[in-house]
Structures are given as C-alpha cells and as structure tokens.
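K.L.:
Could you look at this predicted model? Sequence included:
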2 protein chains.
Amino acid sequence: MTEEPTEDAVTAWARLIRAQRVVLGAVEAELKAAGLPPLGWYDVLLELERAGEPLRPLELEGRLLLAQHNVSRLLDRMEGAGLIARAPFAGDGRGQVISVTDAGRAMRGRMWAVYGPAIQRHLGAPLGDEAGPLAALLSRLLP
Amino acid sequence: MTEEPTEDAVTAWARLIRAQRVVLGAVEAELKAAGLPPLGWYDVLLELERAGEPLRPLELEGRLLLAQHNVSRLLDRMEGAGLIARAPFAGDGRGQVISVTDAGRAMRGRMWAVYGPAIQRHLGAPLGDEAGPLAALLSRLLP
DNA sequence: GACATCTAGATGCAAGTGCATCCATATAGA
DNA sequence: TCTATATGGATGCACTTGCATCTAGATGTC
C-alpha cells in the first residue's frame, strides 16, 4: 500500500535528474569545447587502464552499464580512432579482447586535463565538503 | 590552482552519473513496459498543468532544460498524439502557445499511476528518510 | 518607409541509441 | 556424431538528438 512516493522522494527524484543533467551537460560541453571525445570514451579508457589487462566487451558492458550493441559500436568508433585494439579471445572463438593503445592512454591523459578541473568546477566547488556525504547517499541507489 | 578535483568530488561525480542512470533507467523501463510514453512527455504535461495556462515553447524550453529544436520536435510528437495543442500567440506573430488537451490530462494521470510507484520503489524505498537530505545536497548543484 | 538586425520556431542532415535479428562459435543431448 | 539450443558480438532499421541553417515576423536605425 505504500505505493505513492513521499514528497521528499519526489523532490529528490526531480533534483537527481536535473542535477545530473546540469552537471553532466556542463562537463561534456567543456570536453567538446576542447575538441575532445565524449565522456563515454573516457570511461572505456579508464576501465581498461584500471583493469591493467585487456577486457572482453562483455565485461565493459557490465562495468559501464551499457547495452551490448552500444558497446559494440562505441568500440567501433574508438578502434577507428586508434584508441583501442580488438584481438580474438583465445579461450572462445566468438569472443574478443579489448586493449588500450598508447594513443588511447595519451588521449585519456588529455581528457583528464579538462575533465578533472571541470568536475571540480561544476561539482566539487558547489558542494564544498558535502561531496563525501552526497556520495554516501547516492551509493544507496546503486546496485 | 585548485584545479584537481578532490577524491570525494570524483566519487560523488561518478555516483551521481551512475545513480541517475540506474534509477532513471528503471523508471523509464516501467513506463515502457506499461506501454506509456517516455518521461519527457510527462514533464511537458506536468509543466502545462502546473502553469494552469498555455505556455510558450520558449518557456517550456527553460523549464525543461531542453534545446529549442528538441522542444519543437517533442511538441510535434505530442501534438500528433493529441496530448497538446498549438495555437498562434496573439502578441507575437512568430510565437505560439501550447496547451494540454483533455487527452493530455488523462495521459498524465495514467502515467503517474505507474510513475509514482516507480519513483517510490527505485528511489524512495532505498533512500528511506534520507530522501530529504539527498534533495538538499542536490539542490547545491542546481542553478 | 526602407533596410539591417534580431528573435521564435521549424527543418535537413549527420550522428547516436534502442530494438530485433543475424552470424558464428560453444555447449548439451540423443 | 549429429542436431538443438545458448551465447558473444555485429548489424539493419526506425527513432531521437545535436548542429546548422532557414523562414517569418519583430525591432531598431536612418
């Protein structure tokens, strides 16, 4: 019977959607203005570097919360740009394995030079020392 | 010189993006599963009903944080579905004025029947009484 | 009043996304 | 082994979004 959301829940919902759109939009705009690729590319590069080893598209799919066909095409574009490389996966003829290229690592560096300050400007600064608490609350919404 | 984001800021950033994607995705999926239009349509209907009077596309643009051309086409679709009506704006021959139709009001009702419980399930419930505090923190990111 | 400039909204085109389906390989069962 | 089914990833098609441009009406200047 507790179907109707509370007023606070609706407010939090509306602001979550809005705040994300505002902040993400501002950060993406800075990347674009700097002539850099969109954030999705950064995420792929980061996951690959973090993993420290080639990953399968399937793993990227899970970590990035993207649909299979979107990963496939995102990798197409990044491969075309020379930032990642595809190689067959030894253990399974259907699978493949994705690795970052040197150009990919360099690109992530260049992106971070814009991305980091943008995060600070559009999120870190307005939040001040509330960033930690906000992160804690948001974690309750994550799987 | 405080260009680099703090660690907390980066964590908050990552979770903001992710939490929004997870929750929004879940809610949108419920609407779609119920055969209802996407959330953007709800927002338009809500703004129109809230205003209590016809609004100009320009106003919708501002309230919904959408680009002009997106509003234009969103209204095309909603007009096609009979949920809103366009009328010329008396004071300015270039302008127009958008109003909800009865079908639009009915649709918003049907959407809320799915939307409300979905918000509660995917956001209200996991947050419990932290919804208020989360909303307060998020407001710092809004204009 | 004629002309330049500005603004509200529409639209053509490129790019991205969702959805369904397809292809190739793997695994399971008879 | 031969066939049925499941899984990793690619792809065709429709729809949405972004970007640039366009049209029509408004405003301002001389």
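P.N.:
It's in.
K.L.:
where exactly do the strands run in chain A?
P.N.:
With strands called from DSSP state E, chain A shows them at A:84-88, A:96-100.
K.L.:
can you tell me if the first one touches DNA strand C.
P.N.:
Just to be clear, that refers to strand A:84-88. No: Strand A:84-88 does not reach DNA strand C (CB under 7 Å from any atom of the strand); its nearest approach is 9.3 Å. Heads up, the C-betas are built off the backbone N, CA and C, glycines and all.
K.L.:
Spatially, what comes nearest to the residue nearest the centre of chain A if we skip its sequence neighbours?
P.N.:
For chain A, the residue sitting closest to the mean C-alpha position, by CA atoms, centre = their mean, is residue A:43 at 3.9 Å. Among residues not flanking residue A:43 along the chain, residue A:64 sits closest, at 5.5 Å (CB to CB, 6 or more residues apart in numbering or on different chains).
K.L.:
give me the number of residues near residue A:96?
P.N.:
A count of nearby residues for residue A:96, using other CB atoms under 10 Å in any protein chain shown, gives 16.
K.L.:
isn't it right up against residue A:88?
P.N.:
Yes: counting by CB atoms under 8 Å, residue A:96 touches residue A:88, with 5.8 Å between them.
K.L.:
Leaving out chain neighbours, which residue sits closest to residue A:95?
P.N.:
Distances taken as CB to CB, 6+ apart put residue A:89 closest to residue A:95, at 3.6 Å, once the chain neighbours are dropped.
K.L.:
my bad, residue A:120
P.N.:
In space, residue A:120 is closest to residue B:5, 3.9 Å off (CB to CB, 6+ apart).
K.L.:
hang on, the earlier thing: show the model's pLDDT score for the residue nearest to the centre of chain A.
P.N.:
Listed pLDDT for residue A:43 reads 98.
K.L.:
any idea how far residue A:78 is from it?
P.N.:
Look at residue A:43 and residue A:78: by CB to CB, to the nearest Å, they are 11 Å apart.
K.L.:
Regarding chain A, what is its longest helix?
P.N.:
If you go by DSSP state H, chain A has its longest helix at helix A:7-33.
K.L.:
Which neighbouring elements make contact with that helix?
P.N.:
For helix A:7-33, the elements it packs on are helix A:39-51, helix A:102-119, helix B:7-33, helix B:102-119, helix B:131-139, judged by 3 or more CB pairs under 8 Å, 6 or more residues apart in numbering or on different chains; DSSP states H and E.
K.L.:
Is any residue of the longest one near DNA strand C?
P.N.:
Yep, that's helix B:7-33 we're talking about. Yes: under the criterion of CB under 7 Å from any atom of the strand, DNA strand C is reached by helix B:7-33 at residue B:32.
K.L.:
now swap in the first one and tell me
P.N.:
Yes: part of helix A:39-51 sits near DNA strand C under the criterion CB under 7 Å from any atom of the strand, namely residue A:40.
K.L.:
Flag every buried residue along that helix.
P.N.:
Going by neighbour count (16 or more other CB atoms under 10 Å in any protein chain shown), the buried part of helix A:39-51 is A:39-48.
K.L.:
unless I'm mixing things up, residue A:134 is touching residue B:138, no?
P.N.:
Yes: counting by CB under 8 Å, residue A:134 touches residue B:138, with 7.4 Å between them.
K.L.:
Would you confirm that residue A:21 contacts residue B:65?
P.N.:
Yes: if you go by CB under 8 Å, residue A:21 and residue B:65 touch, sitting 6.0 Å apart.
K.L.:
just for chain A, where's the confidence low?
P.N.:
Applying pLDDT under 70 to chain A picks out residues A:1-2.
K.L.:
From residue A:20, how far off is residue A:130?
P.N.:
With CB to CB as the criterion, residue A:130 and residue A:20 are 16 Å apart.
K.L.:
export the helices and strands packed on helix A:7-33 to CSV and tack on distance to residue A:30?
P.N.:
Output for those, formatted as CSV (distance: least, CB to CB, whole Å):
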stretch, distance to residue A:30
helix A:39-51, 10
helix A:102-119, 4
helix B:7-33, 13
helix B:102-119, 31
helix B:131-139, 21
